[in-house]
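[1] Output the structure for:
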Amino acid sequence: MAIRRIKTHPDLVLREHAALVTKVTDELIMLSHDMVDTMYAANGAGLAANQVGVAVRLIVIDEHLNDESKPIILINPEIVRTELEDTVEEGCLSVPRFYEFVKRPKLVTVKALDLKEEEIQIECEGQLARALQHEIDHLNGVLFIDYLSPIKRDFFKKMFMRPKR
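    Next up, the predicted model:
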């Protein structure tokens with residue numbers, strides 16, 4: 001497998017609405033394995049295909065966030081139910097070195113396809129629920145910074161968009 005370059009803000013692919021996957025191909029399977037390798041190489045908890053420059057509805061999540069001993073790979077994931085709310089600090093591989101508190105649902109149910117094109121459903125809470133929401137947001141062209149208040153967004157722009165020395 002290969003480690004791919006992670007796109008960072010303000011790369012336009014991060015704002016694209018990812019296309020539905022209509023068939024699991026060898027290329028998609030290879031992409032998912034590359035994404036897992038890329039996520040772990042970058043010490044991430046999840047990664048969406050947009051983040052490696054491919055605007056398709058595919059995400060990977062770190063296996064340590066669930067009870068499995070392998071990463072979660074989801075095709076065409078969608079949130080079908082949410083409950084409660086929680087505010088927790090988030091970061092993003094596409095927005096390096098910036099962390100901020102974001103309010104999200106605490107409990108989620110997500111349905112998706114696996115690599116065998118079988119429908120699966122995940123009911124979860126805590127960090128796994130947050131990671132799923134964060135990565136699904138990427139597929140919709142949404143970054144965690146979009147949830148910030150106007151004051152915090154201005155701070156982000158001043159801090160993140162200033163010229164590098």
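[2] give me the element residue 137 is part of.
    helix 126-139 (DSSP states H and E).
[3] roughly how far apart are the nearest residue to residue 31 once chain neighbours are set aside and residue 76?
    With sequence-adjacent residues excluded and distances taken as C-beta to C-beta, 6 or more residues apart in numbering, residue 31 is closest to residue 54, at 6.1 Å. All C-beta atoms are positioned from the backbone trio N, CA, C, and that covers glycine. Going from residue 54 to residue 76 by C-beta to C-beta, to the nearest Å gives 14 Å.
[4] go on, residue 106?
    24 Å.
[5] now do residue 7
    Relative to residue 76, and taking C-beta to C-beta, residue 7 is found at 21 Å.
[6] Pull out the buried residues from stretch 6-18.
    6-7, 9, 13-16, 18 (16 or more other C-beta atoms under 10 Å).
[7] Please disregard the earlier target; I meant stretch 125-134.
    127-134.
[8] do stretch 57-76 as well
    57-62, 65-66, 71-76.
[9] for the chain, which spans come out with low pLDDT?
    For the chain, the stretches with pLDDT under 70 are 67-68, 161-165.
[10] give the contact list for the closest residue to residue 147 other than its chain neighbours.
    Among residues not flanking residue 147 along the chain, residue 102 sits closest, at 4.8 Å (C-beta to C-beta, 6+ apart). Residue 102 is in contact with 87-90, 144, 147-148, counting by C-beta atoms under 8 Å, 6 or more residues apart in numbering.
[11] hmm, which of those are the buried ones?
    Using 16+ other C-beta under 10 Å, the buried ones in these are 90, 144, 147-148.
[12] Mind giving me the packing neighbours of the lengthiest helix in the chain?
    The longest helix of the chain (DSSP state H) is helix 26-41. Here helix 26-41 touches strand 46-48, strand 58-61, strand 72-92, going by 3 or more C-beta pairs under 8 Å, 6 or more residues apart in numbering; DSSP states H and E.
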